[in-house]
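Q: Requesting a structural model of the entry that follows:
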Amino acid sequence: MSALRVAVVGLGWVGTHRHLPWLKRRSDVDVVGVIDHTPARVERAKSLFRITEGAVAEGPHAVHWLDRVDAVTIATPPATHFSLAAAYLQAGKDVLVEKPMALEVDQARELGDIARREGRILAVVHNFQFARSTLRLRKLIADGRLGEVQALWGSQLSNPRRRLPEWYESLPLGLFYDESPHFFYLVRALLGANPEIEVVHVVGGKDGRNTPAAITLLMRAGSIPAQISMNFVAPVSEWHLTVIGSRALAVLDVFRDVLVVTRNDREHLGRHILRTTADVMTSHLGGVARSGALNFMGRLAYGNDVVIARFVEACRTRVPPHDMSAVDGLEVVRLQHDVIDHARVAAR
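A: A predicted model of the protein is given here:
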């Protein structure tokens, strides 16, 4: 079987630290070329990843070697996702686009329509649901190891001084719009249902910024309540997702790709507290050691390896990839705009 011929569009941090490294690791993928609007980025990526072709272009029509490509991955800012994905789909290419799939629900729906009309695969990078720790958590839930799932609680602390894209303030609700897709697809994956937004509380940011100081979401996936709290003015950056079961508690440390599991502490007596403390310490320290070793070796994938594998398989079989298809991307954008609509109503 011949290799899938791929081009990477967008050579910022995500393109060069997520798309290209994991594409280049696969023997069944041939990275034919790279595309960006900045000449220096194109030349740097060609040199760093030993790629022959490069193009300085805003769309497919200026890429003279595009006929040698089967698929593209798009790692550009969100405001460009709709136009670029539509253009490459209409140029006859399968497309893997970064989250969020689009800035508007109608745009996301139209992309799915274009893909179906053109007979192309359209997939979205919903990577953390395939990270090592998340896959382990999903298995614990499926096997009943946590007992009956009672609730889900997520929290994000974001330090505004960390490495952030220059364009995030131009998005609806700023950084929320860029990062909330991760929470929404994780809730869908872990609880096995589409959540519905019930309550949105927004604490406005300073100086008229689009990014709020904090935002809290209450939602329900089937019969299971879920709460997400995001704070964008914290002195540290942390990201945790907790699944509360009747028998055990599981905490997903997203940034470290670590899963912490502790048993029910029963009557909360001293011996029970010591036991849960030991559970937390051993599982977290062991997880950090494993993730640290993988990070040192350049193999901490955060699920991007699975995303690429599923996209390649979808291009081969012509079957949309489960959990990261155009339908999944549309549902995430719909949830984002449900939040925006709730916030607007509350602000009146």
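Q: Helices of this structure, start to end?
A: For the chain, the helices defined by DSSP state H occupy 13-14, 20-24, 39-49, 81-90, 105-118, 132-142, 175-191, 270-296, 304-317, 326-347.
Q: Now the most centrally placed residue in the chain: closest residue in space, sequence neighbours ignored.
A: Within the chain, one residue has its C-alpha closest to the average C-alpha position: by CA atoms, centre = their mean, that is H126, at 3.7 Å. On the basis of CB to CB, 6 or more residues apart in numbering, the spatially nearest residue to H126 that is not a chain neighbour turns out to be Y185, at 4.2 Å. All C-beta atoms are positioned from the backbone trio N, CA, C, and that covers glycine.
Q: circling back: ok, which of the helices of the chain comes nearest S2?
A: Shortest distance between S2 and these, using CB to CB, is found for helix 304-317: 10.3 Å.
Q: what about Q129, how many residues close to it?
A: 22 (other CB atoms under 10 Å).
Q: Could you list the buried residues of stretch 23-34?
A: Within stretch 23-34, the residues that count as buried by 16 or more other CB atoms under 10 Å are 23, 26, 29-34.
Q: Let me have these in a markdown table, extended by pLDDT.
A: Rendered in a markdown table, the data for the buried residues of stretch 23-34 read as follows (pLDDT from 0 to 100):
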| residue | pLDDT |
| --- | --- |
| L23 | 98 |
| R26 | 97 |
| V29 | 98 |
| D30 | 98 |
| V31 | 98 |
| V32 | 98 |
| G33 | 98 |
| V34 | 98 |
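Q: Tell me the pLDDT of the residue lying closest to A79 once chain neighbours are set aside.
A: For A79, ignoring the flanking residues on the chain, the nearest one in space by CB to CB, 6+ apart is L103 at 6.2 Å. You'll see L103 listed with a pLDDT of 98.
Q: residues near L103, how many?
A: When neighbours are counted by other CB under 10 Å, L103 comes out with 20.
Q: what's it in contact with, if anything?
A: Taking CB atoms under 8 Å, 6 or more residues apart in numbering, we find L103 in contact with 78-79, 81-82, 171-172, 177.
Q: Mind putting the helices of the chain into TSV with distance to E148?
A: Output for those, formatted as TSV (distance: least, CB to CB, whole Å):
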stretch	distance to E148
helix 13-14	38
helix 20-24	36
helix 39-49	48
helix 81-90	38
helix 105-118	34
helix 132-142	10
helix 175-191	12
helix 270-296	19
helix 304-317	28
helix 326-347	25
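Q: residues touching the residue nearest to H126, list them.
A: Each residue near Y185 by CB under 8 Å, 6+ apart is listed here: 99, 126, 128-129, 323-324, 328, 332.
Q: just S155 next, same as before
A: 228-231, 238-240.
Q: Which residue ranges make up the domains of the protein?
A: According to the domain assignment given by automatic domain parsing, the chain is divided into the following structural domains: 4-126+302-321, 132-299.
Q: Show me the shaky parts of the stretch 201-348 of the chain.
A: Scanning the stretch 201-348 of the chain for pLDDT under 70 picks out no residues.
Q: Show me the strands in the stretch 101-250 of the chain, by range?
A: Taking DSSP state E, counting those that start in this stretch as the criterion, the stretch 101-250 of the chain contains strands spanning 122-125, 149-157, 195-203, 214-221, 224-231, 238-245, 248-253.
Q: Need these in a markdown table (columns: distance to G10).
A: Shown next, in a markdown table, are the strands of the stretch 101-250 of the chain (distance: least, CB to CB, whole Å):
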| stretch | distance to G10 |
| --- | --- |
| strand 122-125 | 12 |
| strand 149-157 | 24 |
| strand 195-203 | 29 |
| strand 214-221 | 27 |
| strand 224-231 | 25 |
| strand 238-245 | 24 |
| strand 248-253 | 28 |
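Q: Tell me which of those strands sits most buried.
A: Greatest average neighbour count among the strands of the stretch 101-250 of the chain goes to strand 122-125 (a mean of 29), per mean count of other CB atoms under 10 Å.
Q: what's that one packed up against?
A: Packing partners of strand 122-125 (3 or more CB pairs under 8 Å, 6 or more residues apart in numbering; DSSP states H and E): strand 94-98, helix 105-118, helix 304-317, helix 326-347.
Q: and of those, who's closest to H64?
A: Proximity to H64 (CB to CB) singles out strand 94-98 among the helices and strands packed on strand 122-125, at 19.6 Å.
Q: List the buried residues in that closest one.
A: 94-98.
Q: so V251 touches V260, yeah?
A: Yes: proximity of V251 to V260 meets the contact threshold set by CB atoms under 8 Å, at 4.4 Å.
Q: ranking the helices and strands packed on strand 122-125 by burial, who's on top?
A: Stretch with highest mean neighbour count among the helices and strands packed on strand 122-125: strand 94-98 (a mean of 28; mean count of other CB under 10 Å).
Q: That one to helix 304-317, inter-axis angle?
A: Computed with axes from the mean of the first three to the mean of the last three CA atoms, to 10 degrees, the direction of strand 94-98 lies at 160 degrees from that of helix 304-317.
Q: contacts for strand 94-98?
A: Contacts of strand 94-98 with the rest of the structure, by CB under 8 Å, 6+ apart, involve 10, 14, 70-76, 78, 81, 84-85, 88-89, 115, 120-125, 307-308, 311, 314-315, 329.
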